[in-house]
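J.: Got a predicted structure plus its sequence, pasted below:
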Amino acid sequence: MNPFEVHIPTRIYFGEEKAANFFDRLHDYGTHAFIIIGGGSVKRLGFLEEVTSHLEKRNMEFTLFEGIEPNPHAQTIDKAAALGKENEVDFVLALGGGSVMDASKAIAGLIHDSEKEIWPFVLGEPKHKTMQGALPVATIPTTAATASEVTPHAVISNPGVKGKSPVSYPFFKPSASWLNPAYHTSIPLETTRDGASDILSHVFENYLLGGNDSPPADRYSEGIMQTVIETLPLVEKDPENKALRGQLLWSSTMALNTMQVAGRKLFAFIMHNLEHALSGYNPDLAHGRGLAILYPAYFKWLMENNRAIDRLALLGEKLFSIDSVSQDKAAVEFITRFENWLNENGLYHRLSDVNIPESDFDEIADYAIKVYGGGNPLDAAGPMNKSDIIEVFKKTEEQV
Ligand code: NZQ
Ligand code: ZN
């Protein structure tokens, strides 16, 4: 196994019954919470009222910011941080999906550092600034997707420059997160599917490129993939089933808590690099949907370039019990079976289906190389240059 370091400082509370433990814990971070929410679903569904009543019961004050968009905009984050600073909040409480949680981390950083704008802090920004710290962040994830409830990342969009890029610091890792499956039965089917696609990607990415050095990471990752592949169709039939929702939720947290890569060789998250460039270009594209579009095309590109074939074949064996005489055949069979799964679960699309025509591919590939490769080819266990990226985008058009 390769050397690694794991630090998961987030205190995780799972289950509806853990509400009191979570809200009691918030006292450690102060008495004035800055609640951040998205476009209003948590208000409509009564989650916000429940959260504020828990705070009031504990004599805690709160300030509310409403209006974080999916693929959160830098400018909205700046506005929220100014409000939090003015109200002298002690900590940030995110109630929403990955977009709200990511925005909350960025807001916590801006307030702590008395900074006004988040965009100069993102990866790839030429006038890059470094952040010194952040207010404590607590989260209540209302999607099963990003694992932002445990990660050090905040992914920020800037429609003004058609950009989307992360800002990551260890001090962004949430201090406490309450995973309540009861807040998940309302997630629309499409967002549920997109989330499942994102969970899978977090384990797929390094599984494919990271090599064979860590069987524990492999078995851990396969368990998460298997759970998602089996559970999504069940949730589609029974969306209000809290037990199933909980399985997706916990899978999402486990998929990006660093355990999934521990001991393997580390590589860039290629599909994420490409997808962030895509949804930066078209902010209406949900992250998980963009990833789903890329899966088959990227897998085929890997095969054609003689990369990760053994790992694709291994996935075939572990996830779909494919028993084949040759690795090549097993890998091809795996891709077909996985494409079928995407298709059966409403996740099989082309880039042109999400309003990204071929004429835009060149500009998007340029962005991926500039921001995620620092101007150089991406490292996909070997170089992946601009023309390779365009080739992957073009391959998605073969998907019908
Ligand atoms: O805005 P509201 O009204 O809250 O509605 C949201 C939004 O429209 C809705 N929603 C959320 N929870 C709901 C609900 N609707 C009904 N019931 C609920 N319980 O769902 C829509 C999508 O929400 P969003 O937060 O955008 O989705 P997701 O959780 O997939 O987050 C995506 C963002 O996270 C980033 C992505 O790039 C994207 O910007 N990522 C963050 C990562 C991290 N921090 O580590 C890693 C990921 O790879 C990813 O890049
Ligand atoms: Zn992701």
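T.: Perfect, thanks for sending it. Ligands and ions are numbered 1, 2, ... in the order given.
J.: Surely L64 is within a strand?
T.: Yes. Membership of L64 in a strand is supported by DSSP: H, G, I helix; E, B strand; the rest coil.
J.: isn't it right next to I37, touching?
T.: Yes. Using Cβ atoms under 8 Å, L64 is in contact with I37, at 7.1 Å. No exception for glycine: its C-beta is placed from N, CA and C like everyone else's.
J.: Looking at those two, which one has more neighbours?
T.: The residue with more neighbours, out of L64 and I37 and counting by other Cβ atoms under 10 Å, is I37; that gives 25 against 15.
J.: wait, what's in contact with that one?
T.: With Cβ atoms under 8 Å, 6 or more residues apart in numbering as the criterion, the residues that contact I37 are 43, 48, 64-68, 95-96, 100.
J.: rewinding a little: common neighbours of L64 and I37, please.
T.: Between them, L64 and I37 share the contacting residues L48, judged by Cβ under 8 Å, 6+ apart.
J.: Distance of the residue lying closest to Y183 once chain neighbours are set aside relative to ligand 1?
T.: When the adjacent residues along the chain are set aside, Y183 lies closest to T142, with 4.9 Å between them (Cβ to Cβ, 6 or more residues apart in numbering). When distance is defined by Cβ to the nearest ligand atom, to the nearest Å, T142 is 3 Å away from ligand 1.
J.: and T142, how far is that from F320?
T.: According to Cβ to Cβ, to the nearest Å, T142 stands 32 Å off from F320.
J.: More neighbours: the two, which one.
T.: The neighbour comparison of T142 against F320 (other Cβ under 10 Å) goes to T142, with 26 against 18.
J.: Quick check on the residue nearest to Y183: phi, psi?
T.: Backbone geometry at T142, expressed as degrees, to the nearest 10, gives phi -110, psi 10.
J.: what does P126 give?
T.: In this entry, P126 is assigned phi and psi values of phi -60, psi -40 (degrees, to the nearest 10).
J.: What is the strand or helix carrying K394 packed up against?
T.: When secondary structure is defined by DSSP states H and E, K394 falls within helix 386-396. Secondary-structure packing of helix 386-396 (3 or more Cβ pairs under 8 Å, 6 or more residues apart in numbering; DSSP states H and E): helix 270-281, helix 287-304, helix 361-367.
J.: who touches the residue nearest to F338 when sequence neighbours are not counted in this structure?
T.: Setting aside the residues directly before and after it, F338 is nearest to Y295 in space (Cβ to Cβ, 6+ apart), at 6.8 Å. Applying Cβ under 8 Å, 6+ apart to Y295 gives the contacts 197, 201, 204, 271, 338-339, 342.
J.: measure Y295 to ligand 1 for me?
T.: To ligand 1, Y295 is 14 Å away according to Cβ to the nearest ligand atom.
J.: could you measure that residue against K57, distance?
T.: Distance from Y295 to K57, by Cβ to Cβ: 45 Å.
J.: before we move on, what about Q399?
T.: Where K57 is concerned, Q399 sits at a distance of 51 Å (Cβ to Cβ).
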